[in-house]
Structure formats: C-alpha cells, structure tokens
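**Student:** coords below, sequence missing:
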C-alpha cells in the first residue's frame, strides 16, 4: 500500500519570501503521479501542480515548482514570492497510473503567509 | 459553467436520520469518486465508479451506499447517521486514460454535521 508523509503540520512565511513544503511517499510502483492540492478556507480543493513519475524534469506552474527525487521518493513544493492568497492547507497526494485509481493523501501542511 | 458540483453544500441533521448527497460533473469524465475529510482534515477515499460500475469500495460501513445513475452523476446515501459521520464529503472526477489528463477535479464539498 502507498503512504504519503508530510512532516510539517504548520509553516509560516513572510509575504514575498520563498517557502518549501516537504513530502515523502512510499510505493513499489514505477508508474504514478504526484500532486499538490491547495485547500483555502473556502474548502475548495484546488490543483496546484502535478508531476508524472516518468518525467525527470521538475514541474513548474508560475510561482510554484517541485523538487521531485524519484529514488529518494521525495516531492517537495516550492512557493516563490509568497502572497497572502497562498494561505491554505496544502496536501501532497499520490496516484498510481492506470484506470480509476484513487488519490492517497498526506495529512497536510497548514501554510500561513504573513503580511 | 461549474465543473463538479455537489448538493447540498451544508447538511445538518439528527442522529439516526437518512440523508443523501448528490454530485454532478459536466466535464465528460468517466470516473467519479467520493472522499471523506475528517475533523483533522485527513482525506480518504470511500468509493469510485467508472461508467456506472463500482470500482473502489474502501472499507466503508454498509450504511453508506453510492449510486451512479449515469457517468455524469454519483450520489451518496447514508442510512442511520452517526455522530462519527460528521465530516466534509468531496466528490471528484477524472477521465481515465486521457494522455496527460489523469488529474482528479474536486467538487466544493458537502459539510455534514450530525447532532
């Protein structure tokens, strides 16, 4: 069974600074996807970024980028130029590649961006 | 033009009652899910359906019965509600096998409070 671990229950960062959220996972699968989802106080689950395990290149989406280390089973999220709207819970998630697979989530990191 | 919608958004009810939550997606996806987010924000899969067929049933009490009348709809009926059923229930959908498209999109969630 797959597991996802987020070791930082809470983090804070000053506006405009950079912050990195950690995620490790355990799997025996070779083909899978990794995701970061954001959940602001509105409760909506919003996809931040996605990484295919077969791609060596790290995914980037504007101010968000990942450091994907497949051998180490590590998948950290870097947020650059943090904004107040980045305040949210961030969930790391794993999904096997294939049909109708489930997302396996970490316990989340609560990020607060301070003005 | 909401992609994944859920009704109701809030549900307050008494222990022992029966209630239903509805989910609809207009993305043309073929697989839909129910996830439960507990009071500690932990998200866990409950069920998934692919083209109206139950694919995942993850050790959920049989008081919970999902139904998928067509691939755009997935409902969740809960019998004999218990205090521990209080949670946020998320619906999600995905198009399996779409190249580069295996990302789950979430509805806004239904907050259920059992008194």
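**Tutor:** That came through, no problem. For clarity, every value in this text was computed on a predicted model and none was experimentally measured.
**Student:** do you know how far the nearest residue to residue A:29 once chain neighbours are set aside is from residue B:31?
**Tutor:** Leaving aside its chain neighbours, residue A:29 sits nearest to residue A:96 (5.3 Å; criterion: CB to CB, 6 or more residues apart in numbering or on different chains). Yep, even glycine has a C-beta here, placed from its N, CA and C like the rest. To residue B:31, residue A:96 is 13 Å away according to CB to CB, to the nearest Å.
**Student:** Residue A:43 now?
**Tutor:** Residue A:43 is 22 Å from residue B:31, by CB to CB.
**Student:** Looking at the two, which is more packed in?
**Tutor:** Neighbours per residue, other CB atoms under 10 Å in any protein chain shown: of residue A:43 and residue B:31, the larger number sits with residue B:31, 25 against 16.
**Student:** partners of that one in the sheet?
**Tutor:** Beta-bridge pairing of residue B:31 under DSSP bridges involves residue B:50, residue B:94.
**Student:** That one: what's it in contact with?
**Tutor:** A:99-100, B:48-51, B:55, B:93-96 (CB atoms under 8 Å, 6 or more residues apart in numbering or on different chains).
**Student:** Weed out the non-buried ones from these.
**Tutor:** A:100, B:48-50, B:55, B:93-96 (16 or more other CB atoms under 10 Å in any protein chain shown).
**Student:** of the residues you listed, the lowest pLDDT goes to which?
**Tutor:** Looking at pLDDT alone, those dip lowest at residue B:96, where the score is 73.
**Student:** From chain B, how far off is residue A:115?
**Tutor:** Counting by CB to the nearest CB, to the nearest Å, the gap from residue A:115 to chain B is 24 Å.
**Student:** Can you tell me what sits against the lowest-mean-pLDDT helix or strand in chain B?
**Tutor:** None of the helices or strands of chain B scores lower by mean pLDDT, DSSP states H and E than strand B:53-57, at a mean of 87. With CB under 8 Å, 6+ apart as the test, strand B:53-57 has contacts from A:99-100, A:102, B:31, B:33, B:45, B:47-49, B:66, B:68.
**Student:** With that, I have no additional questions.
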